[in-house]
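Q: can you look at this prediction? I've put the sequence above it.
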Amino acid sequence: MSVKNTDSFQASASRQDAPHEPAYTISALAKEFGITTRAIRFYESRGLISPERVGTARRYSRRDRARLILILRGRNLGFTVEDVSGYLSLYDSDPAQLTQTRHLLDKVTAAIGDLETKRHDIERSLADLNEIRARCEEHLKKNT
């Protein structure tokens, strides 16, 4: 699930109301970002993106695509859907993005702390496992 930085889009058939605004189909976005259409519909159901409806089809705007990039980036960094939702709601309500930036800084700082703790735990576990492996190899060498 990688976020590609491309500007490609697939225009929907009906663009009379916004001729200069690119429109994306759900399948085009899914393909571009390497995710399923089901994932996109999930983010829509959680209110993170809100495509225009043209009959039964969804038409995603440039804004929806940008929000999807932020959603996927946040998810890839380990943030919950609720964290991403909070971040996006701040984005909408704070034109200077000061509150959003403070919120993001707090979340990123916490995530770095969690990862540092996990790294320390992994290093400790690896040291223990390497010691056990060395003892096993030594024991086998002595007794064979």
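A: Perfect, I can see it now.

Q: just checking, what packs against the helix or strand of the chain with the lowest mean pLDDT?
A: The element with the least model confidence among the helices and strands of the chain, by mean pLDDT, DSSP states H and E, is helix 81-93, at a mean of 85. Applying 3 or more Cβ pairs under 8 Å, 6 or more residues apart in numbering; DSSP states H and E, one finds that helix 81-93 contacts helix 62-76, helix 98-142. C-beta here means a position set from N, CA and C on the backbone, and glycine is covered the same way.

Q: just want the angle from it to helix 98-142.
A: 150 degrees (axes from the mean of the first three to the mean of the last three Cα atoms, to 10 degrees).

Q: mind listing what's buried in helix 81-93?
A: Buried residues in helix 81-93, counting neighbours by 16 or more other Cβ atoms under 10 Å, are found at D83, V84, S85, G86, Y87, L88, L90, Y91.

Q: Throw those into JSON lines and include distance to H139, thanks.
A: Compiled in JSON lines, the buried residues of helix 81-93 are given as follows (distance: Cβ to Cβ, whole Å):
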{"residue": "D83", "distance to H139": "48"}
{"residue": "V84", "distance to H139": "51"}
{"residue": "S85", "distance to H139": "54"}
{"residue": "G86", "distance to H139": "54"}
{"residue": "Y87", "distance to H139": "53"}
{"residue": "L88", "distance to H139": "57"}
{"residue": "L90", "distance to H139": "58"}
{"residue": "Y91", "distance to H139": "59"}
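
Q: farthest pair in those?
A: Taking Cβ to Cβ as the measure, the buried residues of helix 81-93 reach their widest spread between D83 and Y91, a distance of 12.8 Å.

Q: report the central residue of this structure.
A: Taking Cα atoms, centre = their mean as the criterion, L72 is the residue nearest the geometric centre of the chain, at 2.2 Å.
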